[in-house]
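Enquirer: quick check, what structure comes out for this input:
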Amino acid sequence: MAKTNNIKSLAAVFFVLLCSCGDKNTIPDKVNFTEHVAPILYNNCTICHRPGGSAHFSLVTYADAKGNAEAIAFTTREHLMPPWPADPHYTQFIGERLLSQRGIDVLQKWLQQGEQEGPQDKLPTLPKYLTGSAIGIPDMRIAVAPYFLKAYSNDRFLLVKVPFELPNDTFASVIEFIPGNKNVVHHVNGDLVKYEFDKKKDVFGGEKVVDMVEDTSIVKAFEKLGLPNDDGSYPVLKKSVVNYLPGVFAQKYANGIGGYFLPRKGVFLLNDLHYGFTSKEDVWDSSYINIFFSKTPPNRPVEEFQLGTWGVAPVEPDLIIQPNTIKRVRSHVVIQKDISVLTINPHMHLLGKSFKAYALQPNGDTIRLISIPRWDFNWQYFYTFKKMVKIPAGSTVVAEGVYDNTTANPNNPFSPPRLVRDNNGSMKATDEMFQFIITYLPYQPGDENISLDISN
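Expert: You can find the predicted model right below:
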């Protein structure tokens, strides 16, 4: 009898759990905004779609959502929004922007039923969002020199000097670039110029901006910016300290990983501030840099390398894409020491169709890194793993890309299609690039178990 009672008890518990799961995933017979749609939008969309957010329209109010109901239904059904190009079934990362199938179905049903508003007392509270930063409240903010772009301006590639002077040498846990005008700032690659205090009297002298379209000599550009020491020698340059791409957050790791030494005198050198094509109106950009100080030096400074364009391994075959063709390329390199991968960043331009990267271990096993089956030029994240990924020495890291230079590609910048190539590493959106950037640490035992999620 006791055994029978135990079986009945277990069955009852299983029934309750089954019902609970069913209730959680059930779609209401009648869907409305306040009870069902707003929670989905507030949890997944309004981080961008709000006043002051990066999106072009808001989804905060009922009127906002109703006016964009068809677009909401279409983009979520096609998995275009929330924007997360990486295939979650291939690899998982921190901060994945993914909408559940139930959420997608609720939004479809709301449109089909006529976008009902629902009771006002059921409307959830809008989350509180940071202003002026995507990751926190900075300790210091430095303005980037304002820049004016006339209407219908073509791509501009600038070298920009952002000088600073501090009371003492110190450390930073993270350095964040915030675009002033998200509609025109395409990307930023920034380094840190570190001066010895007595070798540079005035870090603020010299020009602040040099247009590399008009002046292609890097040596002359550096002289115009006043970068050399007072005796004509050059200071130490720390590469890849502050970067930006659409949708990218500054990388901040847990457990004392990463960070930078900041000298008392220094310059953030935005060695490639790219402004894209502007519309019919003149625009100003007033971007800035946020610094988050740290009282202690980084325990483990991160390192970086990249495959492909300007990388440690070439693109094969050459990145020359004939019109009306689809072309496959790859780049690969053998890792010489054990490394622990933190973050990866695939990069292509408008002809990109798909991207995949993985590592082949000496024993023949494959380490999945990332798969982007439908490349989206507008969302090029730095993808951070939930835990470090060990790639052992002797492994081959492989990156593969597919380009579509046909009329079937809606992002093709040319009609009819033209020959497109890398053009000596040009960063113009109408030229092409193929890069795979890997941020890593030299491997230490136990790295595989260290969480990189700062929210933990």
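
Enquirer: tell me the domain ranges of this protein?
Expert: What the record gives for the chain is the domain set 11-122, 140-300, 304-449, from automatic domain parsing.

Enquirer: and T309, how close does it get to Y253?
Expert: Applying C-beta to C-beta, to the nearest Å, one obtains 26 Å for the distance of T309 from Y253. C-beta: built from backbone N, CA, C; applies to glycine.

Enquirer: those two: which has the busier surroundings?
Expert: For T309 versus Y253, neighbours defined as other C-beta atoms under 10 Å are more numerous around Y253 (25 against 21).

Enquirer: so the more buried one: helix, strand or coil?
Expert: When the structure is split into helix, strand and coil by DSSP: H, G, I helix; E, B strand; the rest coil, Y253 lands in coil.

Enquirer: report the contact partners of it.
Expert: 302, 342, 384, 452, 454 (C-beta atoms under 8 Å, 6 or more residues apart in numbering).

Enquirer: what pairs with whichever strand or helix holds P346, and is each one parallel or antiparallel?
Expert: With elements delineated by DSSP states H and E, P346 resides in strand 339-347, which encompasses its position. Under the criterion DSSP bridges, strand 339-347 sits next to strand 383-391 (antiparallel), strand 435-442 (antiparallel) in its sheet.

Enquirer: the following helix or strand past that strand - contacts with which helices or strands?
Expert: Under the assignment DSSP H and E, the closest C-terminal helix or strand after strand 339-347 is strand 352-360. The elements that strand 352-360 packs onto, with contact taken as 3 or more C-beta pairs under 8 Å, 6 or more residues apart in numbering; DSSP states H and E, are strand 339-347, strand 366-372, strand 396-405.

Enquirer: and with 10 Å instead?
Expert: Secondary structure elements in contact with strand 352-360, counted by 3 or more C-beta pairs under 10 Å, 6 or more residues apart in numbering; DSSP states H and E, are strand 325-334, strand 339-347, strand 366-372, strand 383-391, strand 396-405, strand 435-442.

Enquirer: reformat the ones you listed as a markdown table; add mean pLDDT, mean neighbour count and distance to G258.
Expert: Formatted as a markdown table, the helices and strands packed on strand 352-360 follow (pLDDT from 0 to 100; neighbours: other C-beta atoms under 10 Å; distance: least, C-beta to C-beta, whole Å):
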| stretch | mean pLDDT | mean neighbour count | distance to G258 |
| --- | --- | --- | --- |
| strand 325-334 | 98 | 17 | 23 |
| strand 339-347 | 96 | 23 | 8 |
| strand 366-372 | 98 | 19 | 20 |
| strand 383-391 | 96 | 20 | 11 |
| strand 396-405 | 98 | 22 | 21 |
| strand 435-442 | 96 | 21 | 8 |
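
Enquirer: on that earlier part again, if we compare the strands paired with strand 339-347, which one ends up closest to K109?
Expert: When the strands paired with strand 339-347 are ranked by proximity to K109, the top entry is strand 383-391, at 32.1 Å, counting by C-beta to C-beta.

Enquirer: list the contacts for the residue nearest to L166 when sequence neighbours are not counted?
Expert: Distances taken as C-beta to C-beta, 6 or more residues apart in numbering put R264 closest to L166, at 5.2 Å, once the chain neighbours are dropped. Shown in contact with R264 (C-beta atoms under 10 Å, 6 or more residues apart in numbering): 164-170, 194-197, 203.

Enquirer: need the helices for this protein, in chain order.
Expert: With DSSP state H, the ranges of helices along the chain come out as 2-25, 38-44, 62-67, 69-77, 101-112, 218-224.

Enquirer: show me which of the contacts of R264 are buried.
Expert: Buried residues within the contacts of R264, counting neighbours by 16 or more other C-beta atoms under 10 Å: 164, 170, 194-195, 203.

Enquirer: pipe those residues into JSON lines and attach distance to Y152 per row.
Expert: Shown next, in JSON lines, are the buried ones among the contacts of R264 (distance: C-beta to C-beta, whole Å):
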{"residue": "F164", "distance to Y152": "35"}
{"residue": "T170", "distance to Y152": "44"}
{"residue": "K194", "distance to Y152": "39"}
{"residue": "Y195", "distance to Y152": "40"}
{"residue": "V203", "distance to Y152": "36"}
